[in-house]
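K.L.:
Provide a 3D model corresponding to the input given below.
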Amino acid sequence: QVQLVESGGGLVQAGDSLRLSCAASGRTDSWHAMGWFRQAPGKEREIVASIRWNAASITYAASVKGRFTISRDNAKNTVYLQMSNLKPEDTAVYYCSGAVSSVWNYWGQGTQVTVSS
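P.N.:
As a prediction, this is how the structure comes out:
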């Protein structure tokens, strides 16, 4: 059984930094990529960043490029999202996801990030 567990969310002020972690367990050897999504109140879920299993390809949403960094530790089966210079509009529930054949099949429970102005 595959499980994704996020951690690291919290309440911060604008300009602060946070690092989210997502630990994956179970059969992940067939995964294509891992990614971070977010969903703000009243808005659709959007992709923030993704990283291929071999870290050969990384993509970011335009709104976070230059401020967020996605990385992974294959030995720990963990993906990270380092968020810097946070803005109030980054406030959302952040979800970790795993993709098989380019389909986001697996999801974590989400972690709340709140940025005050």
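K.L.:
Which neighbours in the sheet does the least confident helix or strand in the chain by mean pLDDT have, and how are they oriented?
P.N.:
Ranking every helix and strand in the chain by mean pLDDT, DSSP states H and E puts strand 103-107 at the bottom, with a mean of 92. In the sheet, strand 103-107 lines up against strand 92-100 (antiparallel) (DSSP bridges).
K.L.:
which parts of the partner strand are buried?
P.N.:
Ala92, Val93, Tyr94, Tyr95, Cys96, Ser97, Gly98, Ala99 (16 or more other CB atoms under 10 Å). For glycine as for every other residue, the C-beta is placed from the backbone atoms N, C-alpha and C.
K.L.:
could you dump these to CSV with distance to Gly10 and pLDDT?
P.N.:
Shown next, in CSV, are the buried residues of strand 92-100 (distance: CB to CB, whole Å; pLDDT from 0 to 100):
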residue, distance to Gly10, pLDDT
Ala92, 13, 98
Val93, 12, 98
Tyr94, 11, 98
Tyr95, 16, 98
Cys96, 16, 97
Ser97, 21, 96
Gly98, 24, 93
Ala99, 27, 92
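K.L.:
closest to Glu46 among the residues you listed?
P.N.:
Using CB to CB, Ala92 is the member of those that sits closest to Glu46, with 8.6 Å.
K.L.:
next helix or strand past the least confident helix or strand of the chain?
P.N.:
Sequence-wise, the next helix or strand downstream of strand 103-107 (DSSP states H and E) is strand 111-116.
K.L.:
pLDDT of that following strand, averaged?
P.N.:
Strand 111-116 carries an average pLDDT of 98.
K.L.:
now that strand and strand 92-100, what's the angle there?
P.N.:
Put simply, strand 111-116 runs at 140 degrees to strand 92-100, going by axes from the mean of the first three to the mean of the last three CA atoms, to 10 degrees.
K.L.:
Okay, helices next: where are they in the protein?
P.N.:
In the chain, no segments count as helices under DSSP state H.
K.L.:
middle-most residue in this protein, spatially?
P.N.:
Taking CA atoms, centre = their mean, the centroid of the chain lies closest to Trp36, which sits 2.5 Å from it.
K.L.:
what bridges to that one?
P.N.:
Ala49, Cys96.
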